[in-house]
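# build me a model from this:
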Amino acid sequence: MIRLVIKNGKFYLSCLLAFTAGHVTNYSVILFSQDFLKSDFLSGVGFGLCFGPPLILGWVAGVWCDRISPIKIIHAGGAVFILSNLLLLAGAQQGSPAAAVPWILSGAFFAGVAWSFVSPARMTALRLFMSESDLKPASLFFNLLVMLGFGLGPMVIAFVRTRSNWNWVFMTAMVFFVISSALLLNLKTRSASAEKGAKKRTVTQDVLTGIQAVTGNRYLRELMICAVFGYMLMGPLQVIVPKLATRQLGLSELERGSLLGALAPSFIVGGALCAVLMKKIRNGWLILASIALAAVCFGLLSQYKTVQIATALISGVGIMGGIAISTIVSLIQAHASDATRGRVTSMYTITSQVMPAVSGLLSGILIHKFGEVHAALTVGVFLFLAMLLHTVWMKNLRSLP
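Residues are numbered from 1 along each chain as shown. From the prediction side, this is the model:
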C-alpha cells in the first residue's frame, strides 16, 4: 500500500484536493442557504441540485470514460466546478437573500454537472495508473481519499469562515481545483484505448451494455443495491446534523464544523479497518452489518444533547460507513471488466451522488415538517429495518468470501 501511495502520490493528492473542494462546494450551498437565506427548504433544494444532474449526465459520463481518456474528463469537470464556485461567489455579493437565490441554485446545479463527470472519470483513471494486481488495494486507498474529502469539507469551511467571509470559502475551493488539475499534467499512464467498435455504437447502446454488465453479474447487482442504502445517510449527515448541532447542542459555527469534522478521522479509521476485516470476515456480511450499525448510530443522535455523545455517534456513523463503502468500492472494481469499467463505475457514482441528493432533499422536508429530532430518528429506523430485509434475501452477497 505504501509503495502504491508513493509511486502515485500526485494522482492521489489531486484526488484529495478535488474531493475536498467538491464537498466544500456542497456544504457551502447547504450552510450558506441556512445562514444567509434562512431557509431549510432551499438548503435541501440546493443540495439536491448538487447531486441531481448525475441521474441523467452520469450515464453519458460512463460512456465517455470508456471511449476517451478519463484524464481529459477530469480537467473539464474541474473547470465546471470553478464555474460553480464563481456563481456562488456572485450570490454572496447580493444585498438580499431573495437576490442571492438564483445565483446559489445555479451554482449548485453546475456543481452537480461537474460531479456527474469527475467522480466516474477519477475511478476509471485509477486503472490507468495501477496494474490489475494492485487495483484492489489501490481502490481501498482511493476510497479513503473520497471519504476524507467528505469529512474535510466542513472543516475547511469552518477554518476559513472564522478568519474571513464566504467569498474566501468559494475562492479556496477554486484554488484547490486548479492545483488538482495541475498535478495531473504530464503524468504517465497506461493506454486508455477505447473498446473495439465503440465509435459505431450510440450512447444509448453503450449505456444499455453497461446496465447489462451490472444486472448480469450476481455480485455487482447486489453491491449496487447496498451502495444505494449506504449512501442514503450522506444527505441527512449534511442537512440534519448541522441543525441538530445548532438547535439541540447549541454549538457555534466553529464547533459545528468541528463536530462534522469528526467524520474525517472516523472515515479513515473505517477504511483502515476495512483492509483488515475484509481478510477475516465474509465481505457481504461485513457490508450489511456495517450499514445497519451506521443507521443505529445516526438514529441515536436524536436522543442525546451532549457534545461528547454526539461526537461518538457521528464517529460511529463514519467508521461503519467507511467500512461498508470501502468494501463495496473494492469489490466493484474487482468484479468490473476493463471494457465496461467506466460505465460500471459511473453507475456506482450515480448512486453515490443521487442518493445523497434525494435523501438530502427529503431530510430538508422532514425537518420542515417535523423538526430535526424526529427527522434523524426516522432516517435511522428506516435504514436499519431496510438492511435487516436485505440480509434475508441477498444470498449472493452473503456468500462472498
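# doesn't residue 117 make contact with residue 76?
Yes - with contact defined as C-beta atoms under 8 Å, residue 76 and residue 117 form a contacting pair (6.7 Å). Glycine gets a C-beta too; all of them are placed from N, C-alpha and C.
# those two - which one has more neighbours?
residue 117 (28 against 16; other C-beta atoms under 10 Å).
# dump the residue contacts of the more buried one.
57, 61, 64, 73, 74, 76, 77, 80 (C-beta atoms under 8 Å, 6 or more residues apart in numbering).
# so which bits of the longest helix along the chain are buried?
Longest helix of the chain, by residue count under DSSP state H: helix 97-129. By neighbour count on 16 or more other C-beta atoms under 10 Å, the buried set for helix 97-129 is 100-101, 103-129.
# just to revisit the earlier point, and the contacts of residue 117, which of them are buried?
For the contacts of residue 117, buried by 16+ other C-beta under 10 Å: 57, 61, 64, 73, 74, 76, 77, 80.
# how about these in JSON lines, adding secondary structure?
Formatted as JSON lines, those follow (DSSP: H, G, I helix; E, B strand; the rest coil):
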{"residue": "57", "secondary structure": "helix"}
{"residue": "61", "secondary structure": "helix"}
{"residue": "64", "secondary structure": "helix"}
{"residue": "73", "secondary structure": "helix"}
{"residue": "74", "secondary structure": "helix"}
{"residue": "76", "secondary structure": "helix"}
{"residue": "77", "secondary structure": "helix"}
{"residue": "80", "secondary structure": "helix"}
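# between all of the residues you listed, which two are separated the most?
57 and 74 (15.0 Å; C-beta to C-beta).
# how about the residue sitting nearest the centre point of the chain: what's its closest non-neighbour residue?
For the chain, the residue nearest the mean C-alpha position is residue 352 (5.5 Å; C-alpha atoms, centre = their mean). Nearest residue to residue 352, sequence neighbours excluded (C-beta to C-beta, 6 or more residues apart in numbering): residue 231, at 5.2 Å.
# same check on residue 398?
The shortest distance from residue 398 to any non-neighbouring residue, by C-beta to C-beta, 6+ apart, is to residue 284 (4.6 Å).
# what residues of whichever strand or helix holds residue 299 count as buried?
If you go by DSSP states H and E, residue 299 is part of helix 283-300. Neighbour-count burial for helix 283-300, with 16+ other C-beta under 10 Å as criterion, is recorded at 283-284, 286-300.
# now do the helix or strand just after that helix against helix 283-300, angle only.
Helices and strands here follow DSSP H and E; after helix 283-300, the next one along the chain is helix 307-335. Put simply, helix 307-335 runs at 150 degrees to helix 283-300, going by axes from the mean of the first three to the mean of the last three C-alpha atoms, to 10 degrees.
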